[in-house]
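Novice: build me a model:
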Amino acid sequence: TVESPLEIKRKKLIKSIDNVCARLKSPYVSFTTVGTTSAGKSTLVNGLCGKRIAPVHSEETSAGELRIIHQDSSTYSCKITQHHNSVNSVKPIEYTIGDDAYRAMYEEMCRYHALDANAKRNSIAPVFDITTSIKIGKDKEFFGIPDFIGVELLDLPGLKNLNDQANISIIQKRLRYSFPIVCLDYTEPDDVKRKKLISLLDGLLQDNGTAIFVLNRYDARDGNDKIAGRTKVEMFQDEIQQILKLQNTPTVIPMSARVLHIAELLIAGQYESDNDLETTLWGPIRDYIETQDLDDEQYDEIDTFVNKLRRRLRRKEMFLDEEKGKLLELANACSGYNALQQAIKEKITKSFGSVLIQPTVGKLLVEIKEFCNLVHDQYVVYTLAREDEIEKIEEYNKQIEYYMTKKSQIAGEQSVAGTHLKELIEQKTI
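Specialist: I've put the predicted structure just below:
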């Protein structure tokens, strides 16, 4: 029997209600990192997690999607849910130990990159589900995130060129329900290339003020950071606003993600060599404190502290807890993480409902209106036809209303967020 359009729409609507109630029952807020390849996006992700998660061995290593779900844990587990060599879903492979998971992810990404162009078109890029702690999730109180709200970080594939349709389609799907953190390379010397890569984001970002643009590798800037009295950061800001046709001035944060990540690895005892620390960590810290309004005593105190850490590393001694805390404070400040943290807090305060609740419920409201319009149209048609069909349509309408009310009550009883849908129904805003 061929189902009527009304029956098809009814089933679709019920499924949508189930999905909305499930999301409101276990709500979470998403942060999505997106940007151009080789801009240091993976290093930024590691800095946001406070540990080594995303492989950063080379600019071509990163591939696929990383979904990092916050859970208080010092290590992490990884589940590879799709393989590079299959167009069908495969049985997930789980790695529960941090180093094993990292190595498995790196090898899987390398295998995917080793495929030729034709093989990649017929393959599924790897998808990694990772469970570990995220700094935003550990400090919910600071960011104003309620305890019952989960936190996840989605690291999406980097954009390479204007023809990168595969990755663009993935990014479009993910950005709708998240706070985007866009990573760009501060040191990109080719103005034309940089503008073209920024233009790839045109249409992908919603002009609702939720996006944050990170200008990474700020520590690699040269001495002349001003042109005609304006800083490069200010010029980047204007450029981004013009290319992406944004109504409001975008939030742009200069950052040195590598400085933050290396400091966190040192604190965790995971940094393998101190040969290049002068240029990657100590140098940027020294450059930073020289820009601060410090007296000689304060400057000498920090300089003495840094030298003490360098001696400990030469002697292969562990850092004391107090030293770890002080190093992290320095790294957070000079890397730009403090500024990023404050920007994220402001975005959450301003746009929490529009990102978490409205997209979830809004799509459902559209479907409900479409269903009601269809019911009305069918009612008009059947008024001239069979009376029993009219009764069936009216019964469908009652079922939907009951189903929504019941489901929202359940969601409202089981989570605070679920009450939003219940209130919408009670206020008859639909």
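Novice: can you show me the helices along the stretch 101-250 of the chain?
Specialist: Along the stretch 101-250 of the chain, the stretches classed as helices by DSSP state H, counting those that start in this stretch are 117-121, 135-138, 140-143, 165-175, 191-199, 232-243.
Novice: the third one - what's its average pLDDT?
Specialist: When pLDDT is averaged over helix 140-143, the result is 90.
Novice: which strands and helices sit next to it?
Specialist: The contact analysis (3 or more Cβ pairs under 8 Å, 6 or more residues apart in numbering; DSSP states H and E) places helix 140-143 against helix 337-356. Where C-beta positions appear, they are placed from N, C-alpha and C, glycine not excepted.
Novice: the helix it packs on: which residues count as buried?
Specialist: Residues Tyr337, Ala339, Leu340, Gln341, Ala343, Ile344, Lys345, Lys347, Ile348, Phe352, Val355, Leu356 are the ones in helix 337-356 that count as buried (16 or more other Cβ atoms under 10 Å).
Novice: now stretch 143-157
Specialist: For stretch 143-157, burial by neighbour count (16+ other Cβ under 10 Å) applies to Phe143, Ile145, Ile149, Gly150, Val151, Glu152, Leu153, Leu154, Asp155, Leu156, Pro157.
Novice: using the three-state scheme, assign the closest residue to the second one other than its chain neighbours.
Specialist: Of all residues beyond its chain neighbours, the one nearest Ile145 is Val29 (6.1 Å), with distances taken as Cβ to Cβ, 6 or more residues apart in numbering. Following DSSP: H, G, I helix; E, B strand; the rest coil, the label given to Val29 is strand.
Novice: in terms of contact, does Val29 touch Phe148 like I think?
Specialist: No - between Val29 and Phe148 there is no contact under Cβ atoms under 8 Å: 11.2 Å.
Novice: picking that back up, pull the contacting residues for the residue nearest to Ile145.
Specialist: Ile145, Ile149, Gly150, Val151, Glu152, Phe179, Ile348, Phe352, Val355, Leu356 (Cβ atoms under 8 Å, 6 or more residues apart in numbering).
Novice: what is the orientation angle of the host helix or strand of Asp18 with helix 337-356?
Specialist: Here Asp18, judged by DSSP states H and E, is contained in helix 5-25. Interaxial angle of helix 5-25 relative to helix 337-356 (axes from the mean of the first three to the mean of the last three Cα atoms, to 10 degrees): 140 degrees.
Novice: from the contact counts, what lies against helix 5-25?
Specialist: helix 358-383, helix 387-414, helix 419-426.
Novice: what are the buried residues along that helix?
Specialist: Result for helix 5-25 [16+ other Cβ under 10 Å]: buried residues Leu6, Lys9, Arg10, Leu13, Ser16, Ile17, Val20, Cys21, Arg23, Leu24, Lys25.
Novice: all strands in the stretch 1-150 of the chain, in order from the N-terminus.
Specialist: Secondary structure of the stretch 1-150 of the chain by DSSP state E, counting those that start in this stretch: the strands cover 28-35, 65-70, 77-82, 93-95, 127-132, 150-155.
Novice: quick one, which of these is nearest to Val233?
Specialist: Val233 lies closest to strand 28-35 among the strands of the stretch 1-150 of the chain, at 16.4 Å (Cβ to Cβ).
Novice: in CSV: the buried residues of helix 337-356, plus distance to Gly50.
Specialist: Below are the buried residues of helix 337-356 laid out as CSV (distance: Cβ to Cβ, whole Å):
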residue, distance to Gly50
Tyr337, 10
Ala339, 17
Leu340, 13
Gln341, 12
Ala343, 18
Ile344, 15
Lys345, 17
Lys347, 20
Ile348, 19
Phe352, 23
Val355, 23
Leu356, 24
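Novice: just the residues you listed now: which is nearest Leu294?
Specialist: Leu294 has its nearest neighbour among those in Ala339, at 18.6 Å by Cβ to Cβ.
Novice: would you mind giving the secondary structure of the closest residue to the closest one other than its chain neighbours?
Specialist: In space, and not counting its chain neighbours, Ala339 is closest to Ile253: 5.1 Å by Cβ to Cβ, 6+ apart. Per three-state DSSP, the local secondary structure of Ile253 is strand.
Novice: hmm, Ile253 is touching Tyr218, no?
Specialist: No - the criterion here is Cβ under 8 Å, and Ile253 misses it with Tyr218 at 9.0 Å.
Novice: any shared contact partners between the two?
Specialist: Common neighbours of Ile253 and Tyr218, counting by Cβ under 8 Å, 6+ apart, are Gly336.
Novice: quick one: end-to-end length of stretch 175-189, please.
Specialist: For stretch 175-189, the first-to-last residue distance is 28 Å (Cα to Cα, to the nearest Å).
Novice: in it, what counts as buried?
Specialist: Across stretch 175-189, burial judged by 16+ other Cβ under 10 Å covers Leu175, Tyr177, Ser178, Phe179, Pro180, Ile181, Val182, Cys183, Leu184, Asp185, Tyr186, Glu188.
Novice: just the endpoints, please. Distance across stretch 53-65?
Specialist: From its first residue to its last, stretch 53-65 covers 12 Å (Cα to Cα).
Novice: for the stretch 101-250 of the chain, which spans come out with low pLDDT?
Specialist: Residue ranges of the stretch 101-250 of the chain with pLDDT under 70: 116-124, 160-170, 172-173, 176, 204, 206-208, 222-229.
Novice: strands of the stretch 201-350 of the chain, start to end?
Specialist: Assigned by DSSP E, counting those that start in this stretch, the strands in the stretch 201-350 of the chain fall at 212-216, 226-227, 230-231, 251-254.
Novice: list the helices and strands the first one packs on?
Specialist: It refers to strand 212-216. Applying 3+ Cβ pairs under 8 Å, 6+ apart, one finds that strand 212-216 contacts helix 41-49, strand 178-185, helix 232-243, strand 251-254, helix 337-356.
Novice: give me the number of residues near Asp276?
Specialist: Using other Cβ atoms under 10 Å, Asp276 is surrounded by 10 other residues.
Novice: ok, the one 10 residues further on next?
Specialist: Residue crowding around Arg286 was assessed by other Cβ under 10 Å; the count is 15.
Novice: thinking again about what came up before, with pLDDT as extra columns, can I get the buried residues of helix 337-356 in CSV?
Specialist: Below are these laid out as CSV (pLDDT from 0 to 100):
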residue, pLDDT
Tyr337, 95
Ala339, 95
Leu340, 96
Gln341, 95
Ala343, 94
Ile344, 93
Lys345, 92
Lys347, 89
Ile348, 87
Phe352, 74
Val355, 67
Leu356, 64
